[in-house]
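Engineer: Give me a model of this one.
(one chain, ligands or ions: 1)
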Amino acid sequence: MSIRTIITEPNKLLRQISKPVNSVGKEEKKLMDDMLETMYDANGIGLAAIQVGVPKRIIVMDISKDESKKEPRYFVNPVIKNKDPEKATYEEGCLSVPNQFAEIDRPSKCEVEYLDYNGEKKLLKADGLLATCIQHEMDHLEGILFIDYLSKLKRSMIIKKLSKKKSTAAIL
Ligand code: NI
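Structural biologist: From the prediction side, this is the model:
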């Protein structure tokens, strides 16, 4: 396993639509292993492949709070089958939008169909943080970031802040 570089906004790659995976082979498993290690290293609870520059419909997640009991989840080609009309609000952040947080409303429950780490078809009924996390990560597959749900003004303020940080980082 190796840690990959997480791409941050603004970056055109993050706006790319990811492509479905044909089958879960060695390459995809290696990618999922790397993504999980990268996510843990960055203290995140979810990561989409495009965030490490790979435009494949692959997500890794671990929403367990207990460090000693890791519960990694892998979603390949996830599709939302059902969404609850009821909304839930969570304060969201994103490894590709560092140090920025905002309250976002999303359907409180969803049903997602996907292939697991072994390429087996699964159906998961999710609610709470898991449902929010799945929807946030699935947005990445469509080139959508959580800041896109904010007002234009708020979003451009965040992007400006991040661009400034980037230019400083390049000088160092
Ligand atoms: Ni994210």
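
Engineer: Any stretches of the chain with poor pLDDT?
Structural biologist: When residues are selected by pLDDT under 70, those of the chain lie in 169-172.

Engineer: Spell out, range by range, the helices that occur in the protein.
Structural biologist: Along the chain, the stretches classed as helices by DSSP state H are 26-41, 128-141, 152-171.

Engineer: looking at those, which is buried most?
Structural biologist: Comparing those by mean neighbour count (mean count of other CB atoms under 10 Å), helix 128-141 comes out on top with a mean of 21. The C-beta positions use only the backbone N, C-alpha and C, and glycine is treated the same way.

Engineer: From the chain's centroid, how far away is it?
Structural biologist: Here the centre of mass of C-alpha atoms in helix 128-141, compared against the chain's by CA atoms, centre = their mean, to the nearest Å, lies 7 Å away.

Engineer: any idea how far the residue nearest the centre of the chain lies from Met157?
Structural biologist: Central residue of the chain (CA atoms, centre = their mean): Glu137, 3.1 Å from the mean position. Computed with CB to CB, to the nearest Å, the distance linking Glu137 and Met157 is 24 Å.

Engineer: same deal with Glu103?
Structural biologist: Between Glu103 and Met157 the computed distance is 16 Å (CB to CB).

Engineer: quick revisit: with respect to Pro98, which of the helices of the chain lies nearest?
Structural biologist: Distance to Pro98, taken as CB to CB, is lowest for helix 152-171 among those, at 7.2 Å.
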